[in-house]
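Engineer: dropping the sequence and predicted coords here.
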Amino acid sequence: MSLAGLPPLREALAAHGLTARKSLGQHFLLDLNVTRKIARLAEVGPGDVVIEVGPGPGGLTRGLLATGARVVAIEKDARFGPLLEELGAAAEGRLRLIIGDALEADEAALAGGSGHVVANLPYNVGTPLLIKWLTGAWTPLSLTLMFQSEVAERITASPGGSAYGRLGVIVQATAEARWVMEVPARAFTPPPKVDSAVVRLTPRADRPSPLRLQALQQVTAAAFGQRRKMLRASLRTLGGEPLARAAGLDPQARAETVEVAGFLRLADAWLAGRERLRPAPQ
Ligand code: SAM
């Protein structure tokens with residue numbers, strides 16, 4: 001059977017006696033027009049390798065396979081194995097299915113080198129997976145990811161608003177992030193409580209080093225931990241007013257007004273200060 005000859009997703013789910021499990025964040029996209037659109041937004045095609053997390057019944061997987069890409073799909077819920085194997089047979093060897101937890105996956109080995117990530121992410125693991133892909137050892141070529149709208153807002157937020165915080169700073173320091181599509185709750189089966197959105201991320205060639213990222217985690221944790229306070233107070237344990245000044249920032253500013261570049265300077269100034277304080281080797 002070819003991809004085009006596969007039964008509609010609702011029929012495939014019914015034929016396998018499958019229903020959604022809340023504990024695994026299962027909200028399915030069963031409208032193939034929507035999944036094809038997300039696959040188009042991913043800008044992948046023949047010759048590309050895509051890692052998809054949480055294929056579930058395989059709606060998005062069908063969209064991705066239709067582009068000609070090869071897909072490595074990681075699904076935690078083994079119940080979907082037989083249904084996805086049928087999809088694999090229709091895709092003539094372009095789908096590899098891994099039953100397991102994406103948080104523990106070795107993407108470099110699975111992709112056999114470079115690859116893209118596309119996923120309608122389970123809500124409970126979306127943010128840890130994003131941080132893994134943007135700050136870990138393996139860097140995807142691009143990421144096209146569905147999140148709850150509120151998370152998508154935080155990822156793409158600019159300074160000045162309440163959505164701007166640690167997540168946005170760390171994501172935007174490592175990748176260019178664009179909000180590309182809204183998906184209303186009613187598009188999912190069963191519908192979640194909130195709307196969703198697709199975000200497209202392109203990792204930066206000049207990603208900060210692991211040491212710099214660690215420092216960025218530290219300074220953003222302190223600054224946004226007390227986001228209503230001025231930097232001179234919220235950064236008190238890390239160096240307070242002198243640290244803010246060393247980074248070229250106004251010590252009276254609040255975290256939510258500081259640009260990503262400002263936080264990177266703060267991370268650098270904190271690292272430089274630690275170097276100065278370190279005792280000289282004997
Ligand atoms: N991609 C499908 C779609 O769009 O219809 C399903 C999306 S559903 C929101 C999330 C999927 O991720 C579920 O199939 C769930 O079983 C799977 N999942 C949840 N946690 C996971 C994990 N840690 N690793 C891999 N898959 C996971």
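Structural biologist: Now that the structure is in, tell me what you want to look at. Just so it is clear, the structure is predicted and the values come from calculations on it, not from any experiment.
Engineer: where does the protein get nearest to the ligand, residue-wise?
Structural biologist: Per C-beta to the nearest ligand atom, residue 54 is where the chain lies closest to the ligand, at 2.1 Å. Yep, even glycine has a C-beta here, placed from its N, CA and C like the rest.
Engineer: now that residue. Its backbone dihedrals?
Structural biologist: Reported as degrees, to the nearest 10, the phi and psi values for residue 54 are phi 70, psi 60.
Engineer: list the residues that contact it.
Structural biologist: 25, 74-76, 102, 119-122 (C-beta atoms under 8 Å, 6 or more residues apart in numbering).
Engineer: could you save those residues as CSV and add columns showing neighbour count and pLDDT?
Structural biologist: Listed next are these as CSV, based on neighbours: other C-beta atoms under 10 Å; pLDDT from 0 to 100:
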residue, neighbour count, pLDDT
25, 18, 90
74, 22, 98
75, 24, 98
76, 19, 97
102, 25, 96
119, 27, 97
120, 27, 96
121, 21, 91
122, 19, 85
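Engineer: determine the longest helix present in the protein.
Structural biologist: helix 260-277 (DSSP state H).
Engineer: what packs against that helix?
Structural biologist: helix 166-174, helix 210-225, helix 240-246 (3 or more C-beta pairs under 8 Å, 6 or more residues apart in numbering; DSSP states H and E).
Engineer: tabulate these in a markdown table, adding columns for mean neighbour count, distance to residue 87 and mean pLDDT.
Structural biologist: Listed next are these as a markdown table, based on neighbours: other C-beta atoms under 10 Å; distance: least, C-beta to C-beta, whole Å; pLDDT from 0 to 100:
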| stretch | mean neighbour count | distance to residue 87 | mean pLDDT |
| --- | --- | --- | --- |
| helix 166-174 | 22 | 31 | 98 |
| helix 210-225 | 18 | 37 | 96 |
| helix 240-246 | 18 | 54 | 96 |
